[in-house]
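Chemist: Model the following, please.
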Amino acid sequence: MTRKMVISAATALLLAGCGGTEPPAALASEPPGHPPETGAYPGESSAAAIPAVTGRAVELTGWEVTVYYTAVQGLHTDKATEVTGCPTIDCGKGRDQQALGRFPASFVKAVKDEGTGRTSDGRYLNWSYDTGYWMDTAPRDTAGRPLRPWVSAAADAGALKAGSRFTVQRCGTAEVTAEVCGKLKAPTWTIVDEFTPGLGGNKHVDVYTGEETGPDFTGSDLYTTLENATLSAIRAQ
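Modeler: Just a heads-up that it's a prediction; the model follows:
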């Protein structure tokens with residue numbers, strides 16, 4: 001998934017001031033082994049958290065659900081390439097640009113495709129279409145909040161607005177394993193992220209599963225796209 005407009009950290013602080021039509025009674029949690037990442041990143045707070053939405057769930061059919069993830073530098077061993085960008089989130093293309101370091105080319109490509117990658121020193125190399133590359137302390141959603149594995153999701157605002165929550169009720173027609181289908185159906189996902197303009201669609205969501213788990217992650221069963229999936233969603237107004 002190539003993504004995303006990300007606002008600055010300073011701006012983010014201002015935010016503080018598939019069967020059946022209903023999701024499970026308790027909108028529910030990440031699968032076992034995938035705890036929320038709240039508080040997991042240094043120096044972060046929940047000041048910009050999106051308020052929970054309430055209301056009646058509606059069934060949405062014919063959706064595409066794509067996995068996105070955080071790349072991990074240590075899993076990429078190919079030739080390094082120089083990356084230029086911002087030393088912090090609070091800058092933009094053409095301003096404060098500098099050399100950020102040398103990273104494996106496949107890692108750099110994954111960061112641009114997925115939006116974020118963890119470097120070997122524990123920092124994050126992030127990318128968005130309006131900022132380019134920048135260094136950070138966490139993977140970010142469109143409002144500058146840390147992404148949460150098995151919670152954060154992305155959609156175009158015209159499809160599902162920020163704050164909307166959904167569960168995957170049926171995995172659709174794509175060939176996915178029962179294990180992967182079960183993992184994607186278990187959480188309640190929250191829309192906190194956006195696509196790069198033109199790359200989303202009226203029936204397309206991306207779901208964030210955290211860090212890649214091996215050097216062949218993009219060939220694994222989990223790195224998948226559900227087709228014609230059924231969602232149960234509570235829409236933000």
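Chemist: lowest-confidence helix or strand of the protein?
Modeler: Here the helix or strand of the chain ranked lowest by mean pLDDT, DSSP states H and E is helix 9-13, holding a mean of 35.
Chemist: Partner strands of the helix or strand just after that one and their direction?
Modeler: Toward the C-terminus, helix 9-13 is succeeded by strand 58-72 as the next helix or strand (DSSP states H and E). When pairing is defined by DSSP bridges, strand 58-72 lines up against strand 116-118 (parallel), strand 204-211 (parallel), strand 225-234 (antiparallel).
Chemist: among those, which is the most enclosed?
Modeler: Counting by mean count of other Cβ atoms under 10 Å, strand 116-118 has the highest mean neighbour count of the strands paired with strand 58-72, with a mean of 26. From N, CA and C alone the C-beta is placed, and that goes for glycine too.
Chemist: what's the angle between the helix or strand following it and strand 58-72?
Modeler: Where DSSP H and E defines the elements, the next helix or strand beyond strand 116-118 is strand 124-128. Interaxial angle, strand 124-128 versus strand 58-72 (axes from the mean of the first three to the mean of the last three Cα atoms, to 10 degrees): 130 degrees.
Chemist: who's in contact with strand 124-128?
Modeler: 3-6, 70, 73, 83, 89, 100, 103, 107-108, 111-112, 115-119, 133-140, 196 (Cβ atoms under 8 Å, 6 or more residues apart in numbering).
Chemist: Put the alpha carbons of that strand into CSV.
Modeler: Provided in CSV are the C-alpha atoms of strand 124-128 (Å, rounded to 0.1, in the frame of the first residue of the first chain):
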residue,chain,number,x,y,z
TYR,A,124,11.6,4.5,12.1
LEU,A,125,12.1,5.5,8.5
ASN,A,126,8.6,6.7,7.4
TRP,A,127,7.2,7.9,4.0
SER,A,128,4.2,9.8,2.8
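Chemist: so what strands line up beside it?
Modeler: Under the rule (DSSP bridges), strand 124-128 has strand 116-118 (antiparallel), strand 132-136 (antiparallel) as partners.
Chemist: any idea of the mean pLDDT in it?
Modeler: The average pLDDT for strand 124-128 rounds to 95.
Chemist: Equivalent analysis for stretch 151-164, please.
Modeler: Stretch 151-164 comes out at a mean pLDDT of 93.
Chemist: So for it, what gets flagged as buried?
Modeler: Neighbour counts over stretch 151-164 (16 or more other Cβ atoms under 10 Å) mark 151-156, 159-160, 162-164 as buried.
Chemist: Minimum distance to residue 62: which of the strands paired with strand 58-72 has it?
Modeler: strand 225-234 (5.4 Å; Cβ to Cβ).
Chemist: can I get the CA coordinates of the closest one in CSV?
Modeler: What follows is strand 225-234, C-alpha atoms only, in CSV (Å, rounded to 0.1, in the frame of the first residue of the first chain):
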residue,chain,number,x,y,z
THR,A,225,-5.7,-9.2,-0.2
LEU,A,226,-9.3,-10.3,0.5
GLU,A,227,-11.7,-9.9,-2.4
ASN,A,228,-15.5,-9.5,-2.2
ALA,A,229,-15.2,-9.5,1.6
THR,A,230,-18.1,-8.7,3.9
LEU,A,231,-17.6,-6.1,6.6
SER,A,232,-19.8,-5.1,9.6
ALA,A,233,-19.2,-1.4,10.2
ILE,A,234,-20.2,1.4,12.5
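Chemist: Give me the mean pLDDT for it.
Modeler: 98.
Chemist: Distance from the chain centre to that strand, please.
Modeler: 16 Å (Cα atoms, centre = their mean, to the nearest Å).
Chemist: swap in stretch 214-233?
Modeler: 13 Å.
Chemist: what does stretch 75-86 give?
Modeler: 21 Å.
Chemist: Equivalent analysis for stretch 130-145, please.
Modeler: For stretch 130-145, the distance to the chain centre is 11 Å (Cα atoms, centre = their mean).
Chemist: Sounds good, over and out.
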